[in-house]
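**Student:** Sequence plus the predicted model coming up.
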Amino acid sequence: MAYVLVTDGIKEDGLQPLLNESTIQCDIGSLNEFSDRLNQYEALLVRSATKVTAEVLNQMPNLKIVARAGVGVDNIDLDAATKRGVIVVNAPDGNTISTTEHTFAMIASLVRNIPQGTSSLKSGKWMRKDYVGTELYGKTLGIVGMGRIGTELSRRARAFGMNVAVFDPFLTNDRAQKLDVESVEFDHLLDVADIITVHTPLTDKTRGLLNEETIARTKKGVFLINCARGGIIDEKALIPYLDSGHIGGVALDVFESEPPEHNHPLLGYDQVIVTPHLGASTKEAQLNVAAQVADEVLYFLQDKPIRNAINLPGFSKEEYEKIKPYYELTRKMGSILSQCMKSAVNLVEVSYAGKLTELDTAILTRNLMASFLKSRLDTTVNEVNAPSIARERGITYGEKHSSETHGYSNLISVTVQGDKETFSLQGTYIKEYGDRITQLNGFDIDFHPQGHLLYIQHNDRPGVIGNVGKVLGEHEINIATMQVGRKTAGGEAIMMLSFDSELPKNIEETLESVQDIVKVEQIGGV
Ligand SMILES: NC(=O)C1=CN([C@@H]2O[C@H](COP(=O)(O)OP(=O)(O)OC[C@H]3O[C@@H](n4cnc5c(N)ncnc54)[C@H](O)[C@@H]3O)[C@@H](O)[C@H]2O)C=CC1
Ligand SMILES: O=C(O)CCC(=O)C(=O)O
């Protein structure tokens, strides 16, 4: 049974994949409510209220994955999670449309004084002259951060006849052209924008991006919007510009500290409109993000690759479908290599050839390394911390793409080097036959790596195969499959046998006493 804790009121309808799975127990509540059993949970699902600090991670020694039902992961200590090998995933696009629409609603409300007009009328006044607005048509919207939300917002702004100037250091000219926006430097955006909206994460570079100095460059009457993260616009810096009338209005969905103090100075300004972090608060977005993270956690608990990990290389759904078979193959290859090469290792070289080279193979290499290290170590190893654990243990690893396919449509070749020996393995995935090991330490062979295996090095002499069968038969061990490979007739040869169940511990020694058998290794649970 896998234990999963869901906090922060994540929408239960979206959690059905987890709730319906009989091998998973899903508890719903806060960290405090379940404080006496935090050590049992393998997965933790949160929105933004739960702070996943290093201390919380320490109280959850079994934790393997934290899923954020939303985009921003600033409530999770990513460094501490990565060090511990805890995967952090988010739901990157489930709330994009809702947050975009909220931002657009804030812009429209701000320039047309809708919240102010509403409260004025509700208080019994009819003040049409006080609330003369500004048209969006023909104005320039400055978007800082052209990711998912920035992009969707630019489409809506263009539909309203606005010009769009964008600052995003990662935006290519080609993409800007396709989106019909102008890619500009930050200073230029400050000079030309009538309305500036920020859509970046809060980082060391974006904290206080709009501050006393940069606001001074903006047009008189500028409108500023923050529906991303509190602190990207420096709250204190707004005050003198609101007082002087330089700023036409401010719309905030997010705050440096949430909730803001009741007497927060910005709440006293009529030109400042606010919402309590409602960007993603729609039925649709909450269902989307809950379903996305529930699927990710379920995939993870079922040993399938996940798509939206923050501390791992990510891939799209299409890439995932393509990479899935190789993910399983690299896991098996890592495990076989680790069990066949028992001595200390200092170098692992992975080479990909054929169709595979079109894919992002970094995740496969990490997966292979995690599987390789896992059977040697006592600590949690996964794709997240495999690079740092390898480094700590003095194991260098690298990958390359090669054109040597040896006749296969795709081929993964791995060489593991130690001080005393080297071990190599080649594998491929064939749609009709599944994963196959095609070469082992220079011997051509062809077997499906599955279940309990026995690897035997021997001399190619008459009777060896029969003797192996006889010894195993005497121990009532039934051979499921058997493959033999040799380099030259009468020279060194290998056998790879598979079995339906675990083998007795001492079977290697018994077989090694058979004439012409050089070495026997059990390879368990592949
Ligand atoms: N108010 C709310 O309820 C919600 C707020 N958000 C916030 O909105 C932010 C944006 O979300 P997405 O568009 O989904 O993220 P995204 O990751 O798709 O886009 C972020 C963009 O910011 C750009 N960027 C990073 N550093 C920058 C810098 N120094 N200057 C300019 N651009 C920079 C990146 O290149 C990227 O294109 C998130 O970080 C999240 O914190 C997201 C969802 C809901
Ligand atoms: O409503 C929420 O969970 C907050 C959404 C948010 O800020 C995000 O996804 O980054």
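**Tutor:** Sure thing, it's come through. Please read all numbers here as calculations on a predicted model, not as lab measurements. Ligands and ions are numbered 1, 2, ... in the order given.

**Student:** Any idea which residue of the chain lies closest to ligand 1?
**Tutor:** Using C-beta to the nearest ligand atom, G147 is the residue of the chain that sits closest to ligand 1, at 1.7 Å. (C-beta placed from N, C-alpha, C; glycine too.)

**Student:** quick one: contacts for the nearest residue to that residue once chain neighbours are set aside?
**Tutor:** Spatial nearest neighbour of G147, excluding adjacent residues (C-beta to C-beta, 6 or more residues apart in numbering): H199 at 6.3 Å. Shown in contact with H199 (C-beta atoms under 8 Å, 6 or more residues apart in numbering): T103, I143, V144, G145, M146, G147, I149, G150, L153, C227, A228.

**Student:** neighbours of the residue of the chain closest to ligand 1, just the number please.
**Tutor:** Here the number of neighbours of G147 (other C-beta atoms under 10 Å) works out to 19.

**Student:** residues contacting it?
**Tutor:** Residues counted as contacts of G147 (C-beta under 8 Å, 6+ apart) are D168, H199, T200.

**Student:** What of V274?
**Tutor:** The contact partners of V274, by C-beta under 8 Å, 6+ apart, come to A251, L252, D253, L266, L267.

**Student:** and these, which are buried?
**Tutor:** Applying 16 or more other C-beta atoms under 10 Å to the contacts of V274, the neighbour count classes A251, L252, D253, L266 as buried.

**Student:** which among the contacts of G147 gets closest to ligand 2?
**Tutor:** H199 (10.8 Å).

**Student:** Just say helix, strand or coil for S351.
**Tutor:** Taken by DSSP: H, G, I helix; E, B strand; the rest coil, the conformation at S351 corresponds to strand.

**Student:** from memory it sits against G398, does it?
**Tutor:** No - between S351 and G398 there is no contact under C-beta atoms under 8 Å: 9.4 Å.

**Student:** The two: who's more crowded?
**Tutor:** Shown here are S351 and G398; by other C-beta under 10 Å, S351 has more neighbours (19 against 10).

**Student:** Let me see the contact set for that one.
**Tutor:** Neighbouring residues of S351 by C-beta under 8 Å, 6+ apart: E399, K400, H401, S402, E404, I412, S413, V414.

**Student:** could you flag which of the residues you listed are buried?
**Tutor:** Listed as buried from the contacts of S351 are E399, I412, S413, V414; burial here means 16+ other C-beta under 10 Å.

**Student:** could those go into CSV alongside secondary structure and distance to L238?
**Tutor:** Formatted as CSV, the buried ones among the contacts of S351 follow (DSSP: H, G, I helix; E, B strand; the rest coil; distance: C-beta to C-beta, whole Å):
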residue, secondary structure, distance to L238
E399, strand, 49
I412, strand, 56
S413, strand, 59
V414, strand, 57
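
**Student:** near ligand 1, which of these show up?
**Tutor:** Contacts with ligand 1 within the buried ones among the contacts of S351, as defined by C-beta under 6 Å from any ligand atom: none are present.

**Student:** from the residues you listed, which single one is nearest ligand 2?
**Tutor:** Nearest to ligand 2 out of the buried ones among the contacts of S351 is E399 (C-beta to the nearest ligand atom; 33.1 Å).

**Student:** ok, what's across the strand from that closest one?
**Tutor:** Note on E399: beta-bridge partners V350, judged by DSSP bridges.

**Student:** same deal with S413?
**Tutor:** S351, Q426.

**Student:** Quick check: it touching G354?
**Tutor:** No - if you go by C-beta under 8 Å, S413 and G354 don't touch, sitting 11.0 Å apart.

**Student:** Against E185, how distant is the nearest residue to L63 once chain neighbours are set aside?
**Tutor:** Leaving aside its sequence neighbours, L63 sits nearest to V86 (C-beta to C-beta, 6+ apart; 5.5 Å). Taking C-beta to C-beta, to the nearest Å as the measure, V86 falls 39 Å from E185.

**Student:** the more surrounded of the two?
**Tutor:** Per other C-beta under 10 Å, whichever of V86 and E185 has more neighbours is V86, with 26 against 11.

**Student:** quick one, what contacts the more buried one?
**Tutor:** L57, L63, K64, I65, V66, V384.

**Student:** looking at this, the first one is in a helix?
**Tutor:** In this case it means L57. Yes - L57: assigned to a helix according to three-state DSSP.

**Student:** give me the number of residues near it?
**Tutor:** 19.

**Student:** next one: the one 10 residues further on
**Tutor:** Per other C-beta under 10 Å, the neighbour tally for A67 reads 31.

**Student:** Equivalent analysis for the one 5 residues further on, please.
**Tutor:** The criterion is other C-beta under 10 Å. On that basis, G72 has 15 neighbouring residues.

**Student:** Give me the spatial nearest neighbour of the closest residue to ligand 2 within the stretch 151-300 of the chain, chain neighbours excluded.
**Tutor:** Proximity of the stretch 151-300 of the chain to ligand 2 (C-beta to the nearest ligand atom) peaks at A280, 3.7 Å away. Counting by C-beta to C-beta, 6+ apart, A280 lies nearest to N95, which is 3.7 Å off, once chain neighbours are set aside.

**Student:** Is it correct that the one you found is in contact with G70?
**Tutor:** Yes - if you go by C-beta under 8 Å, N95 and G70 touch, sitting 6.1 Å apart.

**Student:** what's the overlap in contacts for these two?
**Tutor:** Residues touching both N95 and G70 by C-beta under 8 Å, 6+ apart: A280, V289.

**Student:** Please identify which two of the buried ones among the contacts of V274 are farthest apart in space.
**Tutor:** D253 and L266 (12.7 Å; C-beta to C-beta).

**Student:** you'd agree M482 is up against L497?
**Tutor:** Yes - counting by C-beta under 8 Å, L497 is a contact partner of M482 at 4.9 Å.

**Student:** the more surrounded of these two?
**Tutor:** Neighbour count, other C-beta under 10 Å: between M482 and L497, L497 has more, with 21 against 16.

**Student:** Which residues are in contact with that one?
**Tutor:** By C-beta under 8 Å, 6+ apart, L497 lies in contact with L453, L454, I456, V468, L472, I479, A480, T481, M482, Q483.

**Student:** Please report how far whichever residue of the chain sits closest to ligand 2 lies from L78.
**Tutor:** Nearest residue of the chain to ligand 2, counting by C-beta to the nearest ligand atom: G70, 2.6 Å away. Counting by C-beta to C-beta, the gap from G70 to L78 is 15 Å.

**Student:** cool, V111 as well?
**Tutor:** Taking C-beta to C-beta, one finds V111 at 37 Å from L78.

**Student:** When the two are compared, which one has more neighbours?
**Tutor:** Comparing V111 with L78 by neighbour count (other C-beta under 10 Å), the higher total belongs to V111, at 19 against 15.

**Student:** need the contact list for the more buried one.
**Tutor:** Contacts for V111 (C-beta under 8 Å, 6+ apart) come out as G133, T134, E135, L136, I195, F223, G248, G249.

**Student:** Same check on H246?
**Tutor:** I215, T218, K220, G221, V222.

**Student:** Show the buried residues in those.
**Tutor:** Using 16+ other C-beta under 10 Å as the burial test, those include I215, T218, V222 as buried.

**Student:** Show me which residues of this protein sit near ligand 1.
**Tutor:** For the chain, the residues in contact with ligand 1 (C-beta under 6 Å from any ligand atom) are 70-72, 95-96, 99, 144-150, 167-170, 199-201, 205-206, 227-229, 253-254, 277, 279-280.

**Student:** Which of these fall in helices?
**Tutor:** If you go by DSSP state H, the residues of the chain next to ligand 1 have T96, T99, R148, I149, G150 in helices.
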